[in-house]
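1. give me coordinates for this.
(one chain, ligands or ions: 1)
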Amino acid sequence: MNWYEIFLNKFFHDPIDKPFDIKYHENRAKKYRELFGISSDLEKEFKYADIIASCMERSLIPKDTDNEQIRQEFNEIRHPLSEGRINVEIDKEKSIQEISKILEKISESYISYSEDKKSYAIWRNLLEDILNELKDTELQKYFAIIPADTRVPDHSLWEHLKITTATNAGEKLQNNSLFLFSLGPVQSFIKQARKTQDFYMGSFLLSYLTFIAIEVVIEHFGPTSIIYPDLYKQPLMDWYLKNKIKIEVKNFDVNSIQLPTIPNRFVAILGTTDSQEIINIAKEIKQKIKSQIEESCKVIFQQLNIQLNEDQNKIKELQLKDFPQIYWVAIPWRMGEEDIKIENLKEFYKEDILKKWQEFFDFAKKTGEHEPNVGFLYQLLYTALEKSHGAIKNQRIFEQIKEEGRKCSLCGERNVLFFLEKSKEKFIKFNPDAYSLKISTPKKYFDEEEGLCAICFLKRTFEEYLGKNVSNVFKDFSFPSTAEVATSDFKERLIKEAINLWDEYVGSLSKIKSLRVLPLPKLSKIAKSNVEGQYFYEETLKESNLEKDEDFYKNDIDIQELKKTLKEIYKKIGKPNPYYAILYLDGDNMGKWLSGENLPEIQHAYHSDVWKKMPQNFKQDLIKKSPKKILTPAIHSAISTSLRNYTIEFVRPIVEEEHLGKLIYAGGDDVLAFVNLKDLFDVMQKLRWAFSGQIKIENNKIQLDLNNTTGFVLKNQVYHLTMGSKATCSMGVVIAHYKEPLQLVIDKVFEMEKKAKDYGRDSFAICLMKHSGEERVGISRWKIDGKENTYLTTELFKQLKEKMDREQDEYISDGFIQKFRKEFYYLNISDLEEGLVKTEIKRLISRAYNSKDSKLKKEKFINDFYKSIEIILEETLKSEKYNKNNFTNLLEIISFMNRGE
Ligand SMILES: [Zn+2]
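-> A predicted model of the protein is given here:
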């Protein structure tokens with residue numbers, strides 16, 4: 001049977017308004033099935049999937065209790081990953097009527113689809129359609145998170161439907177396996193970058209290839225079989241639905257596919273336990289990825305007019321042979337004719353752990369409302385899956401290809417296979433079999449001195465394939481350079497304050513086609529045209545021999561005139577800062593989240609009244625057996641939903657709409673982005689607190705709200721699930737000169753992220769790489785618990801930065817930092833009396849005060865400045881490892897951010 005022949009039966013096994021009235025829910029389910037043209041004949045088939053899914057989610061309601069007592073009306077939603085909750089006040093009867101009316105109205109647009117298209121369309125569009133119809137009602141807020149069970153309201157009905165549709169079960173047998181797939185290498189592959197575009201395209205390529213693998217699984221088992229990541233509204237998935245499945249996709253913006261959001265691994269429930277079938281699926285995935293790469297090369301070669309000879313083809317094949325590396329592992333939920341049992345997992349767990357689980361299982365069997373089944377073992381099965389995946393990854397060794405000759409400019413590992421005809425002399429002697437590219441090859445793909453291997457060439461030119469075969473949004477694609485990021489605040493100011501100078505300067509330079517580039521997304525709203533950022537630095541006009549440059553000559557551009565205009569611009573708005581930032585964020589302890597270790601106490605799964613009403617002895621026993629909530633697939637899927645919401649609903653607006661930044665990657669729990677220095681602290685803190693859902697949206701802007709510990713964020717009048725206030729993340733940041741070799745900067749940002757983790761997580765580490773070669777590294781927690789208050793470190797930094805800005809009417813000159821550093825250089829300040837250090841800092845600060853207006857309140861300014869300094873000093877003194885230098889380094893970095901050197 002094809003997955004879609006039963007998908008809709010399972011999907012509509014519960015009415016989507018179930019929690020509003022449980023009593024008649026089965027009648028409504030039948031009615032809704034009829035509305036959408038789904039027969040109820042397969043009722044028997046889907047009942048068992050529901051039983052397994054439900055067991056995974058809520059088998060721990062005591063059975064001997066009078067039903068009436070435990071029954072609970074829908075008025076509370078619990079956050080799956082924290083202690084957060086929201087209270088719901090809503091007219092239930094009216095809600096059912098409303099939903100019923102809406103379904104009658106919208107079902108028409110689905111009815112004519114064939115079974116497979118209808119399944120995809122309902123999965124993708126139904127919720128969106130309903131929310132649209134519910135516009136401006138109270139119900140709109142909650143509908144995306146309504147609970148599947150009002151007594152255990154910690155997972156949504158949508159999550160439950162996802163798991164039920166993914167589960168394959170009949171009366172006697174269930175037929176499911178957990179499957180984990182990953183592809184690599186990841187960090188070492190994306191690090192190999194000389195241009196910002198390499199960095200981006202490396203991430204994109206891995207994300208794209210992982211999606212190719214995902215396609216195979218959803219074609220066999222449907223879109224809900226993928227438990228992590230959540231495919232719902234993922235750009236590539238939407239693209240697939242629109243172009244391959246050919247259905248209408250609600251609110252899909254094709255431009256969104258430019259951002260890679262699919263992580264390089266996925267977890268799925270495969271509806272089979274047949275090991276041969278699973279092996280075949282894995283083979284099919286491998287094959288599909290291979291032929292995707294083949295096809296991409298073919299298209300790129302055609303586009304660039306490349307014809308390899310036999311020897312060159314052999315080199316290409318050899319270099320691509322182990323790319324990408326693929327790992328997969330599967331654990332069936334059945335052994336022979338029986339469901340897998342706890343004792344079958346001996347090779348993964350110590351005896352005492354299994355014993356505890358067995359006791360827990362027996363407890364649920366004896367006292368629970370429903371008999372536990374294999375679904376109960378999800379946490380054990382998942383952790384075993386992760387363990388075997390880790391073991392496989394460690395075992396596999398890929399042989400290094402041994403080749404003589406010049407190495408690729410990007411990876412330095414493999415031999416050069418492509419170079420420009422112009423630089424033939426350099427390569428042909430050592431790489432006689434390499435291919436020399438024609439003069440007509442677009443300039444952006446190759447620098448003159450570069451030679452690339454087959455893999456790096458694929459990375460560099462992959463946009464050719466994307467533009468031809470995937471979407472027009474990749475045609476004439478350009479990723480902003482480091483200079484573009486660094487100058488974007490300057491450009492914004494120029495457009496706002498002196499548009500005529502902008503028009504004049506950009507107007508003449510944009511005669512040269514290759515200088516025209518896309519500005520950062522936020523800037524593109526106000527910049528109608530744009531030229532490459534580096535032309536806004538006077539050194540570019542000075543250093544290069546532009547008068548002799550062919551393009552400048554051909555287009556009749558007067559360099560002297562340009563220089564004059566640029567001077568005028570500087571006079572008006574100052575010079576551009578040559579520094580920019582890269583940041584890398586990732587979630588802390590994601591392994592523990594995914595394995596259930598970080599889940600809250602078990603009582604937080606229940607509706608608070610239900611917990612109160614449950615028999616005391618049952619609760620005591622329950623806590624003894626399982627102090628924490630257990631990991632169910634619905635909770636797992638909730639983690640995926642939270643991360644999807646984070647990257648798609650929050651990260652993109654923060655980095656690209658509200659601030660001057662450009663994302664390289666935002667998927668899973670990772671974010672990689674370029675950010676302009678002016679907005680760095682704002683972007684950093686918004687990304688951090690959005691991760692734990694401690695934000696609110698006001699006037700369409702994301703704002704910090706540390707008091708929001710519900711775990712849900714209201715956006716466009718719809719509650720969005722987040723990881724919740726118990727989740728934290730760490731960040732590495734590098735501030736670098738736009739001319740600094742990118743590869744060094746990228747290496748450093750990953751190094752900083754490790755430092756932040758070593759600092760105890762929930763922290764960030766910033767490295768300032770000065771162009772002179774000097775480095776400053778500062779590390780801090782996101783939040784400082786002071787004596788009286790809790791402070792946001794980045795807010796303190798922002799205040800200090802502003803107060804050290806020389807352009808302001810009054811400011812503290814940053815010379816005091818150096819003086820402090822010198823005075824205390826040979827002393828360990830943590831040994832000194834705190835009062836002494838503080839008095840000295842205060843003295844240095846007062847002496848560094850400057851003002852353009854004598855009437856200003858000097859004392860207050862100094863005091864305010866000192867107060868922030870004091871909080872940071874106290875905090876840095878607490879950590880022995882990083883005390884003195886960390887403190888002065890942080891201050892230096894803050895001051896540097898005003899306008900560079
Ligand atoms: Zn290479």
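2. the ion contacts on the protein?
-> When proximity is defined as Cβ under 5 Å from the ion, the chain approaches the ion at 408, 410-411, 414, 453, 456. The way it works is simple: take the backbone N, C-alpha and C, and place the C-beta from them, glycine included.
3. next, give me the two most distant ones among these.
-> Taking Cβ to Cβ as the measure, these reach their widest spread between Leu410 and Arg414, a distance of 9.4 Å.
4. who touches both of those two?
-> Where contact means Cβ atoms under 8 Å, 6 or more residues apart in numbering, the residues bridging Leu410 and Arg414 through contact with each are 453, 456.
5. tell me what the top helix by length along the chain is packed against?
-> Counting by DSSP state H, the longest helix found in the chain is helix 275-303. Using 3 or more Cβ pairs under 8 Å, 6 or more residues apart in numbering; DSSP states H and E as the contact criterion, the elements in contact with helix 275-303 are strand 177-184, helix 196-221, helix 310-320, strand 325-332, helix 454-465.
6. need the winner for burial among those.
-> Across those, averaging neighbours per residue (mean count of other Cβ atoms under 10 Å) puts helix 454-465 on top, at a mean of 25.
7. next, Met335: phi, psi?
-> With angles defined as degrees, to the nearest 10, Met335 shows backbone torsions of phi -120, psi 110.
8. which pLDDT value belongs to it?
-> For Met335, the model assigns a pLDDT of 89.
9. tell me what it is bridged to.
-> Taking DSSP bridges, one obtains Glu338 as the residues bridged to Met335.
10. how much space between it and the ion?
-> 46 Å (Cβ to the ion, to the nearest Å).
11. my read is that that residue contacts Asn344, right?
-> Yes - with contact taken as Cβ atoms under 8 Å, Met335 and Asn344 are classed as touching, separated by 5.8 Å.
12. looking at these two, which one has more neighbours?
-> Remark: of Met335 and Asn344, Asn344 carries more neighbours, 17 against 11, as counted by other Cβ atoms under 10 Å.
13. am I right that that one falls within a helix?
-> Yes - Asn344: assigned to a helix according to DSSP: H, G, I helix; E, B strand; the rest coil.
14. what sits against it?
-> Neighbour list for Asn344: Met335 [criterion: Cβ under 8 Å, 6+ apart].
15. where's it relative to Leu877, distance?
-> 54 Å (Cβ to Cβ, to the nearest Å).
16. swap in Val671?
-> Going from Val671 to Leu877 by Cβ to Cβ gives 31 Å.
17. ok, these two, which is more surrounded?
-> Residue environment comparison for Val671 versus Leu877 gives the larger neighbour count to Val671, 27 against 18, counting by other Cβ under 10 Å.
18. any idea what the residue nearest to Glu775 when sequence neighbours are not counted is bridged to?
-> Closest residue to Glu775 in three dimensions, ignoring its sequence neighbours and counting by Cβ to Cβ, 6 or more residues apart in numbering: Met769, at 5.7 Å. On the basis of DSSP bridges, Met769 is bridged to Ala736, Glu775.
19. for the residue nearest to Asp238 when sequence neighbours are not counted, give me its contacts.
-> The shortest distance from Asp238 to any residue that is not its chain neighbour, by Cβ to Cβ, 6+ apart, is 4.3 Å, and that residue is Phe252. By Cβ under 8 Å, 6+ apart, the residues touching Phe252 are 235, 238-239, 242.
20. change it to 10 Å
-> Contact partners of Phe252, counting by Cβ atoms under 10 Å, 6 or more residues apart in numbering, are 124-125, 233, 235, 237-239, 241-242.
21. what about those residues, which one has the most neighbours?
-> For the contacts of Phe252, neighbours tallied by other Cβ under 10 Å; top is Met237, 26 neighbours.
22. quick check, that one in a helix?
-> Yes - checked against three-state DSSP, Met237 lies within a helix.
23. per-residue confidence at it?
-> In this prediction, Met237 carries a pLDDT score of 98.
24. so it sits right up against Ser207, yeah?
-> No - shown here, Met237 and Ser207 do not form a contact pair, counting by Cβ atoms under 10 Å, at 11.8 Å.
25. joint contacts of the two?
-> Looking at what touches both Met237 and Ser207 (by Cβ under 10 Å, 6+ apart), the common residues are 261-262.
26. coming back round to it: to what extent is the residue nearest to Glu775 buried, counted in neighbours?
-> Around Met769 there are 19 other residues, counting by other Cβ under 10 Å.
27. how close does it sit to Ile582?
-> Between Met769 and Ile582 the computed distance is 10 Å (Cβ to Cβ).
28. swap in Leu541?
-> Applying Cβ to Cβ, the value for Leu541 to Ile582 is 27 Å.
29. and if you look at Met752?
-> 9 Å.
30. overlap in contacts, the two.
-> Between them, Met752 and Ile582 have 732-734 as joint contacts when contacts are counted by Cβ under 10 Å, 6+ apart.
31. from those residues, which is closest to Lys30?
-> Distances from Lys30 to these, taken as Cβ to Cβ, are shortest for Gly732 (54.4 Å).
32. now the closest one: which helix or strand?
-> Assigned by DSSP states H and E, Gly732 belongs to strand 729-737.
33. isn't the residue nearest to Glu775 right next to Val745, touching?
-> Yes - with contact defined as Cβ under 10 Å, Met769 counts as touching Val745 (6.8 Å).
34. so what sits against both of those two?
-> Both Met769 and Val745 are in contact with 734-737, where contact means Cβ under 10 Å, 6+ apart.
35. the helices in the stretch 651-800 of the chain, which residues?
-> In chain order, the stretch 651-800 of the chain shows helices spanning 652, 680-691, 742-758, 793-803, with DSSP state H, counting those that start in this stretch as the criterion.
36. mean pLDDT and mean neighbour count added to those helices, as CSV?
-> Formatted as CSV, these follow (pLDDT from 0 to 100; neighbours: other Cβ atoms under 10 Å):
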stretch, mean pLDDT, mean neighbour count
helix 652, 96, 20
helix 680-691, 98, 24
helix 742-758, 97, 19
helix 793-803, 97, 19
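37. so which of those comes closest to Gln287?
-> Nearest to Gln287 among the helices of the stretch 651-800 of the chain is helix 742-758 (32.3 Å), distances taken as Cβ to Cβ.
38. done for today, thanks.
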